[in-house]
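Novice: give me a 3D structure for the following:
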Amino acid sequence: MGEGATHRFKPDQTVVRRDVHGSGRVRSEQALRVIADTGEALVTACAPGAQARWPALYAQARAQGDRSVRTDGFDAMATGVWELAGAVWQETDLLLWKPPTSWFSVNAFFVPDGDGRRLRNWYVDFEHPTRRTEAGFDTFDLTVDLVVAPDLTRWEWKDEDEYAHVRRLGIVSDTEHRAVDAARDEVLAMLTERSGILAQAEQWAAWRWDPAWPSRACPGRSPRRDANGAGALRSPPPGSRDRVSTRETSAAGRKGLSP
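Specialist: Numbering: from 1, shown residues only. Reported below is the predicted structural model:
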């Protein structure tokens, strides 16, 4: 299904966000609940218990605290051969905006705060524009990210070293690199001008996941967690993307933000 199609997803529908490598192989998948689907963005969310699959080497790197294993994962991606690890999301609530033609998505992470939840940070993933499918949407994470304070006054670039590495490996092409550079400028303008999706940042910061909503599962799979917590996607520090699995199954405009 092309992005130009008139089909829209309905609120409360389950969709699957997939990272799809240039070879056509799925790099990751994550079950999400549709919050809204408009011409501006597809807005989705998930909470603890949602099902996902991530590269096994990435899961191993997080479980062992060994960042070098992440590099091994990128090397494997360059060959087009990798294994995926199944898991369930833990600890944070995620709210995700995916503008259809933009080379980025905007994410908000909410954490426990007394009897409720609070916005921990915003997070911008630089990635391919949306390609809709019958089950959800495909994109491809281009590694570099931007971590933003809850009040949008401070931000910090993340994983620039890994971005340089995937550039050397040819995973990110020159054309994609130029698109990322343009997207960086676009996001920084959104931050300084409080424009685009961030024009409604205060409203969305007050959003909360409804505990009555059921956990989301990828079609054809059932969410599960073993007694020892294996398969959990645990929340890393604020400077990290909330994607962790513990079970393997096969410049100008830059401001500091302390993690």
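Novice: nearest residue to residue 150 other than its sequence neighbours?
Specialist: Once flanking residues are discounted, residue 150 sits nearest to residue 119: 4.7 Å by Cβ to Cβ, 6 or more residues apart in numbering. All C-beta atoms are positioned from the backbone trio N, CA, C, and that covers glycine.
Novice: need the per-residue pLDDT for the one you found.
Specialist: Per-residue confidence (pLDDT) for residue 119: 98.
Novice: how far away is it from residue 202?
Specialist: Distance, residue 119 to residue 202, by Cβ to Cβ, to the nearest Å: 10 Å.
Novice: so these two - more neighbours on which side?
Specialist: Legend: neighbour count by other Cβ atoms under 10 Å for residue 119 and residue 202, higher for residue 119 (21 against 11).
Novice: quick one: that one and residue 109 touch, right?
Specialist: Yes. With contact defined as Cβ atoms under 8 Å, residue 119 and residue 109 form a contacting pair (7.4 Å).
Novice: show me where the stretch 151-259 of the chain has helices.
Specialist: Assigned by DSSP state H, counting those that start in this stretch, the helices in the stretch 151-259 of the chain fall at 160-169, 174-193, 201-205.
Novice: which strands and helices sit next to the second one?
Specialist: Pointing back at helix 174-193 there. strand 104-113, strand 116-127, strand 141-148 (3 or more Cβ pairs under 8 Å, 6 or more residues apart in numbering; DSSP states H and E).
Novice: residues in a beta bridge with residue 126, which ones?
Specialist: Beta bridges link residue 126 to residue 104, judged by DSSP bridges.
Novice: what is the burial count for it?
Specialist: 24.
Novice: measure it to residue 156 for me?
Specialist: For residue 126, the distance to residue 156 (Cβ to Cβ) stands at 14 Å.
Novice: now swap in residue 114 and tell me
Specialist: 27 Å.
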